[in-house]
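Trainee: starting from these lines, generate the structure:
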Amino acid sequence: SLIKPGSKPPTTPVKLKKVSTFQEFESKTSDAWDLGDDDDELLAIAAENLNTEVVMETAHKVIQNHSKLQEQHKFQEEHPQEEKQLESAELTSIASGDNRLVKSVSEGHTSSSSDNASENSSMQRSQSLPQASTPPLVSGMADYNTSVTPALTEREASRLDKFKQLLAGPNTDLEELRKLSWSGIPKQVRPIAWKLLSGYLPANVDRRDGTLKRKRKEYFVFVEQYYDSRNDENHQDTYRQIHIDIPRMSPEVLRLQPKVTEIFERILFIWAIRHPASGYVQGINDLVTPFFVVFVCEYIEEEEVENFDVSSLPEEVLQNIEADSYWCMSKLLDGIQDNYTFAQPGIQKKVKMLEELVSRIDEQVHRHLDQHEVKYLQFAFRWMNNLLMREVPLRCTIRLWDTYQSEPEGFSHFHLYVCAAFLVRWRKEILEEKDFQELLIFLQNLPTVHWGNEEISVLLAEAYRLKFAFADAPNHYKK
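Mentor: So this is what the prediction gives:
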């Protein structure tokens, strides 16, 4: 039977043994991407025009290497006396295997460069190819892209230098920026990169200051023109709903600051008034947070943005952050506005597409959900409405958005494949649940609190593989 709307959901979403299992998994996969071999393979892909077989093989390799290291750690726990011997053998095998793959990719394209010309048209659907992924910190909770900023490794410093060189030119090559940003943007350059990728700032450096001044002034003209009408009879319901929703947002420390609440209320109300076709819809409030947090980082040195007192910033800086957040959120919503018009047809369509896609890529999971009468709308509606922001920590959302803004139609089209990969990621736990209510509680409260760069990197690699397989073959997932 369905959960009654008025009933209070359990505070403990999963059984203790499952939490323990996930925590063990988390501790065992902290070094899954440290070797960097998978990153080099993806970098090689981005530099070449590849055929489908090579891309699929490499994407599989990324995920297989992750699983291989997982199994290695498990074996070490069960056979500690053989740990050193196994570690040496495994790492040698992985390294030599990766070297062979990179070599074969290189040789293959040296010998068949003329053949690749005919492949270019089929590659148009994947304009933004993955590049070298940023390695995570050993700490599961820390992510150098979004919180703690330790001394950069040589690899990270080199990657940051590539971004700075690209951004320093008189005209930024946006296609190159997308390719470089696909696998994550360093925190130091993320604010300017996001403004460029979203289309808020022009590629020409000389035009940027003028654009910022003009757009910021334009936003506060809107505030002066519309914000006083928030208590008018025809607008008070919208404002009241915004006022109710903001305290529900994450992170808690940030949302409880009165200055942040005031800024968010203005942004959301102005957007709603200027977009009467949809108006304000619950879920839009979450989409301000990543932009706001990233743009605050442009002006502060603190490592933990969530614990920073925003009101300590100068008023002019706060106004800049507010206006920039409004315009970038507007650019995002322009691409997915049918998600928020009457009856939210965009979300209804995407959930249906997700159901059909999952039925093709993992029929067992799809059949299990169907047998227990779990409808995709019951859990995936929020995935589409909030772009997975309620399912993963904010640091993971920010990392996801690096890639979404690097992908053509990233927040709509590519997000579908991320959701499919995300669901199948939990297939073992899903198949173990034999009760409708337990299944639904699990799917609405997935244990991702300790997720970081490594989990997001694997998720994106799998989503990219699915996109490459299905993007130009819609009949594969349409009934």
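Trainee: check contacts around the nearest residue to Glu462 once chain neighbours are set aside.
Mentor: Nearest non-adjacent residue to Glu462, counting by C-beta to C-beta, 6 or more residues apart in numbering: Ala421, 4.0 Å away. (Each C-beta comes from the backbone N, C-alpha and C, glycine too.) With contact set as C-beta atoms under 8 Å, 6 or more residues apart in numbering, Ala421 has these partners: 459, 462-463, 466.
Trainee: rerun that using 6 Å as the cut-off
Mentor: 459, 462-463 (C-beta atoms under 6 Å, 6 or more residues apart in numbering).
Trainee: secondary structure of it: a helix, I assume?
Mentor: Yes: the assignment for Ala421 (DSSP: H, G, I helix; E, B strand; the rest coil) places it in a helix.
Trainee: please tell me how far it sits from Lys375.
Mentor: 20 Å (C-beta to C-beta, to the nearest Å).
Trainee: on that earlier part again, will you turn the contacts of Ala421 into JSON lines that also has secondary structure?
Mentor: What follows is these, written out as JSON lines (three-state DSSP):
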{"residue": "Leu459", "secondary structure": "helix"}
{"residue": "Glu462", "secondary structure": "helix"}
{"residue": "Ala463", "secondary structure": "helix"}
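Trainee: ok, those vs Arg367, which is closest?
Mentor: Top of the list for closeness to Arg367, among these and by C-beta to C-beta, is Glu462 at 20.5 Å.
Trainee: give the next helix or strand downstream of the lowest-mean-pLDDT helix or strand in the chain.
Mentor: Across the helices and strands of the chain, mean pLDDT, DSSP states H and E gives its lowest value to helix 83-111, namely a mean of 39. Per DSSP states H and E, the first helix or strand lying C-terminal to helix 83-111 is helix 154-168.
Trainee: buried stuff in that next one?
Mentor: Residues 156, 159-160, 162-163, 166-167 are the ones in helix 154-168 that count as buried (16 or more other C-beta atoms under 10 Å).
Trainee: redo the residues you listed as TSV? Include pLDDT and distance to Pro202.
Mentor: Output for the buried residues of helix 154-168, formatted as TSV (pLDDT from 0 to 100; distance: C-beta to C-beta, whole Å):
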residue	pLDDT	distance to Pro202
Glu156	88	29
Arg159	92	25
Leu160	94	23
Lys162	95	21
Phe163	96	18
Leu166	95	15
Leu167	95	13
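Trainee: would TSV of those with distance to Tyr340 be doable?
Mentor: TSV is the format used below for those (distance: C-beta to C-beta, whole Å):
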residue	distance to Tyr340
Glu156	38
Arg159	36
Leu160	36
Lys162	37
Phe163	33
Leu166	34
Leu167	33
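Trainee: can you tell me which of those residues lies closest to Lys215?
Mentor: Distances from Lys215 to the buried residues of helix 154-168, taken by C-beta to C-beta, are shortest for Leu167, at 19.2 Å.
Trainee: buried sites along stretch 231-245?
Mentor: Buried residues in stretch 231-245 (16+ other C-beta under 10 Å): 235, 238-239, 241-242, 245.
Trainee: contacting residues around it?
Mentor: Contacts of stretch 231-245 (C-beta under 6 Å, 6+ apart): 229-230, 265, 268-269, 272, 280, 282, 285.
Trainee: determine the set of other helices and strands touching the helix or strand containing Cys396.
Mentor: Element membership for Cys396, per DSSP H and E: helix 394-404. Judged by 3 or more C-beta pairs under 6 Å, 6 or more residues apart in numbering; DSSP states H and E, the packing partners of helix 394-404 are helix 289-296, helix 453-470.
Trainee: where does the prediction get shaky in the stretch 51-200 of the chain?
Mentor: 51-150 (pLDDT under 70).
Trainee: go with 90
Mentor: Scanning the stretch 51-200 of the chain for pLDDT under 90 picks out 51-156, 169.
Trainee: now Val365: how far from Phe436?
Mentor: Counting by C-beta to C-beta, the gap from Val365 to Phe436 is 15 Å.
Trainee: just Ser406 next, same as before
Mentor: According to C-beta to C-beta, Ser406 stands 39 Å off from Phe436.
Trainee: who's more crowded, these two?
Mentor: Ser406 (27 against 17; other C-beta atoms under 10 Å).
Trainee: ramachandran angles for Asn171?
Mentor: Dihedral pair for Asn171: phi -130, psi 110, per degrees, to the nearest 10.
Trainee: neighbours around it, how many?
Mentor: Neighbours around Asn171, by other C-beta under 10 Å: 11.
Trainee: verify the stated contact: it with Asp206.
Mentor: No: taking contacts as C-beta atoms under 6 Å, Asn171 lies outside contact range of Asp206: 9.1 Å.
Trainee: burial count for Pro447?
Mentor: Pro447 has 18 nearby residues by other C-beta under 10 Å.
Trainee: same thing with Leu387?
Mentor: Leu387, neighbours per other C-beta under 10 Å, totals 26.
Trainee: same question for the one 4 residues further on.
Mentor: Glu391 sits with 20 neighbouring residues when counted by other C-beta under 10 Å.
Trainee: which of the three states applies to it?
Mentor: coil.
Trainee: quick check: phi and psi at it.
Mentor: Torsion angles, degrees, to the nearest 10, at Glu391: phi -100, psi -20.
Trainee: the closest residue in space to it that isn't next to it in sequence is in what secondary structure piece?
Mentor: Counting by C-beta to C-beta, 6+ apart, Glu391 lies nearest to Leu446, which is 5.7 Å off, once chain neighbours are set aside. Leu446 belongs to no helix or strand when assigned by DSSP H and E.
Trainee: roughly how far apart are Leu446 and Arg390?
Mentor: From Leu446 to Arg390 the distance is 10 Å (C-beta to C-beta).
Trainee: kindly report the same for Phe291.
Mentor: 17 Å.
Trainee: just the helices from the stretch 251-400 of the chain, written as ranges.
Mentor: In the stretch 251-400 of the chain, the segments counted as helices under DSSP state H, counting those that start in this stretch are 252-255, 258-274, 289-296, 315-334, 345-361, 363-371, 377-385, 394-404.
Trainee: closest to Glu306 out of the ones you listed?
Mentor: That would be, of the helices of the stretch 251-400 of the chain and by C-beta to C-beta, helix 252-255, which comes in at 5.2 Å.
Trainee: OK, contacts around Tyr227?
Mentor: Per C-beta under 6 Å, 6+ apart, neighbours of Tyr227: Arg266.
Trainee: what about it, which SS state?
Mentor: helix.
Trainee: so Ser311 touches Lys259, yeah?
Mentor: Yes: the pair Ser311 / Lys259 is scored as a contact, 4.1 Å apart, by C-beta under 6 Å.
Trainee: buried stuff in stretch 179-192?
Mentor: 179-192.
Trainee: burial of Arg207, as a residue count?
Mentor: Arg207 has 12 nearby residues by other C-beta under 10 Å.
Trainee: in what element of secondary structure is it found?
Mentor: helix 205-226.
Trainee: contacts for that helix?
Mentor: 170, 201-202, 266, 270, 273, 323, 326-327.
Trainee: ok, now stretch 342-351?
Mentor: With C-beta under 6 Å, 6+ apart, stretch 342-351 has contacts from 338-339, 376-377, 380, 384-385, 416.
Trainee: now the buried members of those residues.
Mentor: Of these, these count as buried by 16+ other C-beta under 10 Å: 338-339, 376, 380, 384-385, 416.
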